[in-house]
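*Asks:* Sequence and predicted model, in that order:
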Amino acid sequence: MQITTQKIDELAHLARLEFNEEQKIKIKTDLERIVVFFDKLSEVNTEGVEPLIYMSDRENNLRLDVIEEKISKTEALKNAPYKDSDYFKVPKFINK
């Protein structure tokens, strides 16, 4: 794959970035090195190698979600600066 200034401009546009000419030269060099590296990887014989999906065989030990009432509505609303019976009141921030 040939890295051109036009390709860098397209990538910059997609990423909403702007580069000066000096930066484009450095990016072109970096991208060419990346492409060469990936071309080297394609030379590796992967015949019979299973794809790696996870980095380890360990499983996550997640706890079950158990619904518990830790605090009552009354206690939760006790220190609220603005409240209305069972609800917190917040300032209006959407203008229609």
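*Replies:* The structure has been received and is ready for your questions.

*Asks:* how near is the closest residue to Glu18 other than its chain neighbours to Tyr54?
*Replies:* Spatial nearest neighbour of Glu18, excluding adjacent residues (CB to CB, 6 or more residues apart in numbering): Ala12 at 6.5 Å. Glycine gets a C-beta too; all of them are placed from N, C-alpha and C. Per CB to CB, to the nearest Å, Ala12 is found 35 Å from Tyr54.

*Asks:* rewinding a little: the residue nearest to Glu18 contacts Phe19, doesn't it?
*Replies:* Yes. With contacts counted by CB atoms under 8 Å, Ala12 reaches Phe19, the gap being 5.6 Å.

*Asks:* quick revisit: for the residue nearest to Glu18, report the pLDDT, please.
*Replies:* Predicted confidence (pLDDT) for Ala12: 94.

*Asks:* Residue most distant from the centroid, the protein?
*Replies:* Within the chain, the residue lying farthest from the chain centre (CA atoms, centre = their mean) is Ser85, at 40.1 Å.
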